[in-house]
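**Student:** below is the structure, and that's it, no one-letter string:
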């Protein structure tokens, strides 16, 4: 929108700004091109090259979020429809401040607190050490299982959720997987 473009330019938040020429206020053509790119080609994590395709193994990506301008802290949400109601998966990658055992343990405990805060009444039903085998490498990680009651697939029901945290990956990344 022309008014918004002008406001961005005058706000002074960017050193440089480029606006696609011939963009009308509707922006339909450019928006359609971006939608096709993201739906069919997927998204990726800039630093690791990890891709988040539009669909994988029956799971359909429903969200992709960048938490920082550089695209180093990202998350993708996926859904799989099943006769029983469905399965939701979230994959998150973010930078690790220090590749130490303490930092990784802190990342796992922090991720558990995030689940508990998002789902009041959630109970940890188990924890275990796990390994992610990929490309001949085994990445160490931790798993926590949770149970809680919540609205899911259109009805309130008991849910089970598993959180997997792998750290450090590539020496400087935390990768979290969560399945509900």
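**Tutor:** It's in. Quick caveat, the model's predicted, so the values are computed rather than measured. Numbering: from 1, shown residues only.
**Student:** got the contact list for residue 154?
**Tutor:** Residues near residue 154 by Cβ atoms under 8 Å, 6 or more residues apart in numbering: residue 85. From N, CA and C alone the C-beta is placed, and that goes for glycine too.
**Student:** by mean pLDDT, flag the weakest helix or strand of the chain.
**Tutor:** helix 28-36 (a mean of 62; mean pLDDT, DSSP states H and E).
**Student:** following that helix, which helix or strand shows up next?
**Tutor:** Heading C-terminal from helix 28-36, the first helix or strand you meet, by DSSP states H and E, is strand 43-44.
**Student:** same question for that following strand, mean pLDDT?
**Tutor:** The average of the pLDDT scores along strand 43-44 is 74.
**Student:** what about that strand, distance to the chain center?
**Tutor:** When distances are taken as Cα atoms, centre = their mean, to the nearest Å, strand 43-44 is centred 11 Å away from the chain's centroid.
**Student:** now swap in stretch 54-73 and tell me
**Tutor:** On Cα atoms, centre = their mean, the centre of stretch 54-73 falls 5 Å from the chain's centre.
**Student:** so residue 85 is in contact with residue 156, correct?
**Tutor:** No: Residue 85 is beyond contact range of residue 156, at 11.7 Å (criterion: Cβ atoms under 8 Å).
**Student:** alright, I will stop here.
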